[in-house]
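S.K.: I'll drop the sequence and a predicted model, then ask my questions.
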Amino acid sequence: MPKEIHPYAVLLRPIITEKTTVLTGADKYVFEVDLRANKNQIKEAVQVAFNVRVMEVNTMVMKGKPKRFGRRVTNRPDWKKAIVTLVPGDKIELFEGI
């Protein structure tokens, strides 16, 4: 069984791009989440933090991009992205007016 993460520690930041603002029209919101978090923990965290009902959670691990520092090439760390689909009619006010 995975280690429990506090619901407020699961969601790291919202991801706001042109593509994600188009998704808000379909009641889908995108967040960067903790790499260790599973779908159930993400669903609970969104419901607790924003007082909405979550219908579905899709997750993906984004691989870190290579970065150069002179001759040295290193990689940025991997991170996890979650696309959260809400029940029709529910909205997250954080994303409104963007």
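M.R.: Nice, thanks for sending it over.
S.K.: Heading C-terminal from the longest helix anywhere in the chain, find the next helix or strand.
M.R.: The residue-count maximum for a helix in the chain (DSSP state H) belongs to helix 39-50. Proceeding N to C from helix 39-50, the next assigned helix or strand is strand 54-62, under DSSP states H and E.
S.K.: Partner strands of that next one, with direction?
M.R.: When pairing is defined by DSSP bridges, strand 54-62 lines up against strand 79-86 (antiparallel).
S.K.: List the buried residues of the strand it pairs with.
M.R.: Trp79, Lys80, Ala82, Ile83, Val84, Leu86 (16 or more other C-beta atoms under 10 Å). Glycine gets a C-beta too; all of them are placed from N, C-alpha and C.
S.K.: And stretch 22-36, by the same measure?
M.R.: Leu23, Thr24, Asp27, Lys28, Tyr29, Val30, Phe31, Val33, Asp34.
S.K.: Stretch 40-47 now?
M.R.: Gln41, Ile42, Lys43, Ala45, Val46, Gln47.
S.K.: which among those gets closest to Thr74?
M.R.: Ile42 (28.7 Å; C-beta to C-beta).
S.K.: Now do the contacts for that closest one.
M.R.: Val10, Leu11, Phe31, Val33, Val57, Thr59, Ala82, Val84 (C-beta atoms under 8 Å, 6 or more residues apart in numbering).
S.K.: what about the residue most central in space within the chain, distance to Ile16?
M.R.: Residue closest to the average C-alpha location in the chain (C-alpha atoms, centre = their mean): Phe31, at 2.0 Å. Note on Phe31: its distance to Ile16, by C-beta to C-beta, to the nearest Å, is 10 Å.
S.K.: Repeat that for Phe69.
M.R.: With C-beta to C-beta as the criterion, Phe69 and Ile16 are 28 Å apart.
S.K.: Many thanks, I have nothing further to ask.
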